[in-house]
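Q: Fold the following and give me the result.
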Amino acid sequence: MKESDEAQRLERTRRRAQLMEQLQQGDSGACSALLDDIGPSLTYFLRRRVADPHELEDVYQEVFMAIFEARHTYEPGRPFEPWLFAIARNIAADYTRRRWSRAHWEELVAELPERPADSSNTAPPELDEILAKLPSDQRQAFSLLKLDGLSVEAAAARAGVSVGALKVRAHRAYQALKRLIGE
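A: A predicted model of the protein is given here:
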């Protein structure tokens, strides 16, 4: 690197650190000047980390908000750029994590895959048939909670039992249904 380039870089770093100190003291002009100064560098940095160009502006704004909210953590006298780009890197990484957590993979095919032939000719059991096999108190608890959609308290009041007793009946009904459906 040429000496003149190095001198410009050092001057830019010193100016940015000075603007950040002024921003910490509440100077709104320093805030505007700092954001204008770091904008191009920040855009270049984020373009390499944010895949979707439509999302770049949102991430860019998030970084500016984070800088403003974390301005008290900057230590005057220390280089500004490492602090800035650490924030930008973290925001970009958070964006990528959010994007991947929302993503899902689908494979488009010309023809639908064949469904495996059902080896058993038995149809799934009807709910009424299975419920009929439960004891009446368990059937009532299940019906009130799951079919009628009542709260535990309302179902207990309607059944004329305590909340605890209704919960026990419902739990036993769930276990019995699981066993009956498995058969």
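Q: so how far is Glu62 from Ala7?
A: 33 Å (CB to CB, to the nearest Å). All C-beta spots, glycine's among them, are computed from the backbone N, C-alpha and C.
Q: When these two are compared, which one has more neighbours?
A: Glu62 (17 against 10; other CB atoms under 10 Å).
Q: Phi first, then psi, for the closest residue to His72 other than its chain neighbours.
A: Nearest residue to His72 in three dimensions, chain neighbours excluded: Gln24, at 6.8 Å (CB to CB, 6 or more residues apart in numbering). Dihedral angles of Gln24 (phi, psi; degrees, to the nearest 10) stand at phi -60, psi -30.
Q: Please report the distance of Gln24 from His54.
A: Gln24 is 33 Å from His54, by CB to CB.
Q: from memory Phe85 sits against Leu46, does it?
A: No: using CB atoms under 8 Å, Phe85 makes no contact with Leu46, being 10.0 Å away.
Q: higher neighbour count, the two?
A: Shown here are Phe85 and Leu46; by other CB under 10 Å, Leu46 has more neighbours (21 against 16).
Q: Helix or strand for that one, just tell me which one.
A: According to DSSP states H and E, Leu46 maps onto helix 28-47.
Q: Leu177 now?
A: helix 163-182.
Q: what residues does that helix touch?
A: 125, 130, 133-134, 137-142, 144-145, 152-153, 155-156, 159, 161 (CB atoms under 8 Å, 6 or more residues apart in numbering).
Q: In three-state terms, label the nearest residue to Pro79 once chain neighbours are set aside for me.
A: Counting by CB to CB, 6+ apart, Pro79 lies nearest to Thr13, which is 5.8 Å off, once chain neighbours are set aside. Following DSSP: H, G, I helix; E, B strand; the rest coil, Thr13 is assigned to helix.
Q: what bits of the protein have low per-residue confidence?
A: In the predicted model, the chain carries pLDDT under 70 at residues 1, 102-106, 116-125, 183.
Q: quick one: the residue nearest the centre of it from Gly149, how far?
A: For the chain, the residue sitting closest to the mean C-alpha position, by CA atoms, centre = their mean, is Arg98 at 5.5 Å. From Arg98 across to Gly149, the span is 34 Å (CB to CB).
Q: again with Ala170
A: Ala170 is 13 Å from Gly149, by CB to CB.
Q: Of those two, which one has the most company?
A: Ala170 (21 against 9).
Q: where's the more buried one relative to Pro76, distance?
A: In terms of CB to CB, Ala170 sits 63 Å off from Pro76.
Q: any idea what sits nearest Tyr95, other than its immediate chain neighbours?
A: Using CB to CB, 6+ apart, the nearest residue to Tyr95 is Val59, at 5.0 Å.
Q: secondary structure element for the one you found?
A: helix 53-69.
Q: to the chain's geometric centre, what's the distance from the following helix or strand past that helix?
A: Counting by DSSP H and E, the next helix or strand C-terminal to helix 53-69 is helix 80-102. Its chain's C-alpha centre and that of helix 80-102 lie 15 Å apart, by CA atoms, centre = their mean, to the nearest Å.
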